[in-house]
Structures are given as C-alpha cells and as structure tokens.
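> build the 3D model from these lines:
(chains A and B)
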Amino acid sequence: MTLQTATGSRLVKIFPILLILPAVALVTFLVIFPLIWALGLSFYSYNVIRGEAPVFVGVENYYRLLNSLEVWRRFVLTGQFVFYVVSIEFLIGFGLALLFYNQFRGRRLAITLVTTPLLVAPVAVGIFHRYLFDATFGVYSYFAQLITGQSVKILSQHPMFAIVFMDVWQWSPFMMLFILAGLEAIPRHMLESSEIDRLSIFNKFRYVIWPTIRPLVALALLFRTMDAFRTFDTIFTLTGGGPGTATEVLSIQIYRIAFQFFRTGEATALAFIFLVIIVLLTNIYLRLARRE
Amino acid sequence: MANHRNNRRGRHKVVKTVLIYLFTIIAVIFFIFPIYWLVATSLKTRAQAFSTPPLFVWEPTFRNFIDIFLKRQTEIEAITGQELELATGAETFFYNSFVVTFSSIIIATVIGVFAAYSFSRYKPAGTNTLMFFILSTRMLPAIVVAIPIYFFYRSLGLYNTYIGLILLYTMFNLPFAVWMMKSFFDEVPRDIEQAALVDGSNPVKVFYKIALPQVLVGLGATIGFLIINVWNEFLFALLLTERATRTVPVMIAGTRGEVGINWGLIAAIETLYILPALVLIFVLQRFLLRGMTFGTVRGAK
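Residues are numbered from 1 along each chain as shown, chains lettered A, B, ... in the order given. Below you'll find the model as predicted:
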C-alpha cells in the first residue's frame, strides 16, 4: 500500500522523485560511469607508466588472461581460500549457535564478546595478526611451539593456514548470528512435540530444525562466499599475497597488476572476469535458494 | 526408582551446565584473545613487546599512547636508527579519518533517509529495480571500480583531497543507508501519515514531523554502522590519498614492510583506532544481524 493524498498538488507528485534523485545521481556518477569506462579500457592495451596512448586490441587482454596458467592458479587459490573459510566458519558458527541457543546466565554478554571481531577494522586485524604470527615474538607461534614442540614459522611455512585462520576468527560469529536467528525462529511447540514423539536427534534436526533455518543458512553462505571472494584488506596487510604468490588471491593480483605493474588494460579485463564470476555465483546461489 | 531417575536427571543437568560454560569460556577466549593481546601490547615497552617467549605478566605503561602523538619521527629515528616515518604524529591521520568519516556520514544519512522514505512510502515507479540496483553496487568488488576511479580522480583533481574521499565514501555507504533505513520505515505503521496527507498536510512536513521521529532509534543504529563502514575503509584511502589526507588504516598498513617496528606503538595506534568499534559493538548488538545484511534479515530481538 502506498500513501494516498487528497490534494493532487504538484509538490505531492514530484516529492517522491525529488527524494530519490540525489541517491540515484550519486550512484550513477560514481559506479555506472566508471564501470563503463573500465569496460572500454579492458579492450585496450594501456600502460600508465609508458604514457603512450591506449591501443585498441579487442579481446586480446581477455584471451591472454584466460590462457595464462598463472591466472588459473590464482582462480584455484582463491577458490580454495573461499572453500576453506566458508566451510570452517559454517561449522564453527553452527556450533556457537547451538551453544548460545541454550539459555544461561551471561549469555548476552558472551554473545557480544564473541561477535566483537565483526566490527574490528580489517586493516587492524591483518597488521596485528602479523605480530601474533611473528616467527620470533608472536604469541600464536609461541603457542604452536608449545603444542608441537618445535618452532613453527607460520607465515612463511603455512601462509594459507594463517589467512584462513584470521578470516575464520573474524567471520565465524557472522555465521553464528544467522544460524542463531534461525534456531530462535523455530516454534517452541514443534520442539516440544518432537520431544514427546521421541524423535532421534538426527530426525529432529532433519524434520524440525533444518527446514526452519535453511533459508537463513543459505543467505549466510551467500553473504560469506561473496565477501570471501572479495577479501582484500586483511590478506593484503597480513601477507601482501606472499610469500611469493602463495596467498595472492584474485583481488590482490588485480591490485598488483593495476598499481604495481601499471598494466591497466589487463587489470581491468581481469577485474571484469572477476565481476562475471561473482555475478554468476550470486545467481546460481539465489536460484538454488529459491528452488529450496 | 523414581528418586534414582531424578538424581540422574539432576546430574545430567549439572553436566550440561558445566559443558555450556566450558565451551562458552573457550569461545570467548578464542574470539577476544587477539583484541586483548593488542591492548596488552599497547601497554608494553619496546623491549617487552619484543620479548621471547611473550610476556604474560608485566608492569603496564602508557608511554606508547603519549609517544604516538608527541614524539616526532626524527627523535624515534635517532633512537632506533631506522626510518619509522609512520609510527608517530598520529593526530594528523586521526584528524583526517575523523573529517572524512563525519562528513560523508552526514551526507549519506541525509540522502539515504530521503530515498528510503520515498521507496518505503510512495513506491514510485521502478522502486524495485532501483532498490536492487542500489544493492547490487554492494556486491561489486571494490577493486573493480577502484581502477577507473583512481584515473578519474587523478584527472579531475580529486586525488588527495578530502572532497574526493568524502564523495566516494558517501556513495559507498548510500546503499547501506537506503536499505537499512527502508527496513526501519517499513516497520512503522503509516496510518497517521496517511491521515495527515488526506487532510491536506504538506508532504515535506509529514516526512519530518511524523515519519522521521518514529524511526530515530533506527536512524541511530544506521549511523552507527555507517561510522564503522567508513572508519574501516582501506583500499580507496590507500589509492587516493597522500600524506596530507591519509587516514588511519592506510598509515597502519604502511608499517607492514618495516623491519624491527615498535609493536607497542603500532598496538597503541591500533587500539585507539578500533576503540569506536569496541564501543559500538555493545550499542549495536541488537541490530547486528540487520546491519550486516543491509536490513534484509531482521533477526531475533
């Protein structure tokens, strides 16, 4: 239902449009316009440093990128990172949600404390994990040494572990919030009748819990997958994509091509490939979620 | 027999409670520890921060918090013999962050609330398309728009200016402001506004006298999340600023490559930097899920 007015004055008619105008104008100016420009540039060979005029090369940038073993390696690396973090965060988030589904004293405070990482600046997280993981002074390295009995150089020996660990630390509470909201939406009487019917835990989960939380779980997975794909700040500040290219996910690779090697045309082409992947993923996800 | 069963049930309950608290404590320690360690390190001297094994008990010092503002870089360089350009004079960067955050939030909130109100109440033609369009800008990986914007800013003279950064942050947070505020407007019954309009009241007055006061809590929550979003933004600040307009995250990230950096100083800057987030997590707790999903998931109370 929309608001109806008695007077047909002109102000009433244009008022809603006037309200929207600034927002639409700003988004168009700073998103659509640059995107079109970048799409155009992706068909050119252009290097800022050389200062030459861009040369039209058609789809060559795309062709070269998609035939490059290096680029495919980054796709796989990014995919691995996303798969690891999303699945681990889902499991931890689920566990935490089950834990906080119980009512106990201090529950609210515990939830607040556990969700603290969500709002902490990614840059602060990345830089500080450098210290935590530092081979000599790092407290995490110290713990690792206590457990394994030998000195572990986490950042140079297991860089993938480090970035996954950091992401899991920051984003597991996000999954927990979704799943907890889902659990709390289960009608109490359904849980009670499942107790009376003496459903096994498995069946209780399958017939009572899962149907209610499924839409929220799907949404949580969607959000996390998209964000994990775009992760930049934390990895950039923790490892910078290194050592070598061991943790150079797509967004960092694009950054390097664009702002360290200044191969601008190529970088925009890769950025668009990246964009297409994300749009495809979103659509697949949304379709799956809708079909459910 | 019955007594026995009651006992067992009682014992079962005790075990359950103990387990709940045990896991809760483990979880809280896991998620709080890095933040605790950050704050702890900010209270350590350089030598203490570099101790192996790490120090768990020490005498706290507030030296670092004074040093990051007062000590000039030359002084530090003389002590350490290293170039530590970024570890001091933090007030410039905090000032820059503050200016950029404050300004862009005001603009984004005003424009966003306008649009949200119109979308929620008048539903002009194309509302769904526009709302989706606005949301889709959030899905965009920042790096994709970063390249063209970098060149635009260079050629338009917006590079290394407050205006440029403020404009950008306004745009980036607009989708959030619109969606979040729309979710709050949608929750308020519109009968009073309807009645006022039928009586011939001015729609502008209806907006700020009737509708706006009803969503003040939501407005506060929205602003809270906007503060965090802008305050934490890194990539664009990195690309579009130089020393004069550099914000705190860029300065913190700039310490990455340095060898032998004083972790106490860095930790002190980071502690101050994440302080707003630590405060806001308590204030915004009720709206956390909603805030992280653009108002699309309301969540439990």
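> could I get the phi/psi values of residue A:56?
With angles defined as degrees, to the nearest 10, residue A:56 sits at phi -70, psi 130.
> in the sheet, who's paired with it?
Under DSSP bridges, the beta-bridge partners of residue A:56 are residue A:44.
> model confidence for it, exactly?
Residue A:56 carries a pLDDT score of 85 in this model.
> residue A:42 is in contact with that one, correct?
No. Residue A:56 lies out of contact with residue A:42 (CB atoms under 8 Å); the separation is 11.2 Å. C-beta coordinates here come from the backbone N, C-alpha and C atoms, glycine included.
> these two - which one has more neighbours?
Between residue A:56 and residue A:42, counted using other CB atoms under 10 Å in any protein chain shown, the more crowded position is residue A:42 (24 against 11).
> close to chain A, is stretch B:33-41?
Yes. Against chain A, stretch B:33-41 shows contacts by CB under 8 Å from any CB of the partner chain at B:34-35, B:37-38, B:41.
> and that stretch, what's buried?
B:33-35, B:37-41 (16 or more other CB atoms under 10 Å in any protein chain shown).
> can you list contacts of that stretch?
Residues outside stretch B:33-41 that contact it (CB atoms under 8 Å, 6 or more residues apart in numbering or on different chains) are A:116-117, A:120, A:124-125, A:128-129, A:131-132, A:139, A:169, B:49, B:263-264, B:267, B:270-271, B:274, B:278.
> repeat the analysis, applying 6 Å as the threshold.
For stretch B:33-41, contacts defined as CB atoms under 6 Å, 6 or more residues apart in numbering or on different chains pick out A:128, A:139, B:49, B:263, B:267, B:270-271.
> element containing residue A:100, please.
For residue A:100, the host element (DSSP states H and E) is helix A:69-101.
> quick one: mean pLDDT for that helix?
95.
> please see if that helix touches chain B.
Yes. Helix A:69-101 is in contact with chain B by CB under 6 Å from any CB of the partner chain, via A:96, A:99.
> what's the angle between the helix or strand following that helix and helix A:69-101?
On the C-terminal side of helix A:69-101, the nearest following helix or strand under DSSP H and E is helix A:107-115. Interaxial angle, helix A:107-115 versus helix A:69-101 (axes from the mean of the first three to the mean of the last three CA atoms, to 10 degrees): 170 degrees.
> export helix A:107-115 as PDB, just CAs?
Extracted as PDB, the C-alpha positions of helix A:107-115 are listed here (Å, rounded to 0.1, in the frame of the first residue of the first chain):
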ATOM      1  CA  ARG A 107      24.700 -15.500  27.600                       C
ATOM      2  CA  ARG A 108      24.100 -12.000  26.200                       C
ATOM      3  CA  LEU A 109      27.500 -10.800  27.300                       C
ATOM      4  CA  ALA A 110      29.100 -13.900  25.800                       C
ATOM      5  CA  ILE A 111      27.400 -13.300  22.500                       C
ATOM      6  CA  THR A 112      28.500  -9.700  22.500                       C
ATOM      7  CA  LEU A 113      32.100 -10.600  23.200                       C
ATOM      8  CA  VAL A 114      32.100 -13.400  20.600                       C
ATOM      9  CA  THR A 115      30.800 -11.000  17.900                       C
END
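> any part of it near chain B?
Yes. Using CB under 6 Å from any CB, helix A:107-115 reaches chain B at A:110, A:112-114.
> chain B contacts on the stretch 1-150 of chain A?
A:2-3, A:5-7, A:12, A:15-16, A:19-20, A:22-23, A:26, A:30-31, A:34, A:37-38, A:96, A:99, A:102, A:104, A:110, A:112-114, A:116-117, A:119-121, A:123-124, A:127-128, A:131, A:136-137, A:139, A:142.
> neighbours of residue B:200, how many?
Burial of residue B:200 is recorded as 11 neighbouring residues (other CB under 10 Å).
> from chain A, how far off is it?
Applying CB to the nearest CB, to the nearest Å, the value for residue B:200 to chain A is 5 Å.
> and that residue, what are its phi and psi?
According to degrees, to the nearest 10, residue B:200 has phi 90, psi 20.
> how close does it sit to residue A:11?
The gap separating residue B:200 from residue A:11 is 11 Å, by CB to CB, to the nearest Å.
> so which residue is smack in the middle of chain A?
The residue lying closest to the centre of chain A (CA atoms, centre = their mean) is residue A:227, at 1.4 Å.
> any idea which element residue 217 lies in?
Looking at chain A here, since you left the chain open. Take DSSP H and E as the rule and residue A:217 turns out to sit in helix A:210-230.
> please go with chain B instead
Per DSSP H and E, residue B:217 falls inside helix B:216-232.
> return the closest of the contacts of stretch B:33-41 with respect to residue B:176.
residue B:270 (24.6 Å; CB to CB).
> tell me the contacts of the closest residue to the closest one other than its chain neighbours?
Once flanking residues are discounted, residue B:270 sits nearest to residue A:124: 4.7 Å by CB to CB, 6 or more residues apart in numbering or on different chains. When contacts are counted by CB under 6 Å, 6+ apart, residue A:124 touches B:270, B:273-274.
> and the pLDDT at residue A:124?
For residue A:124, the model assigns a pLDDT of 94.
> host element of it?
Assigned by DSSP H and E, residue A:124 belongs to helix A:122-133.
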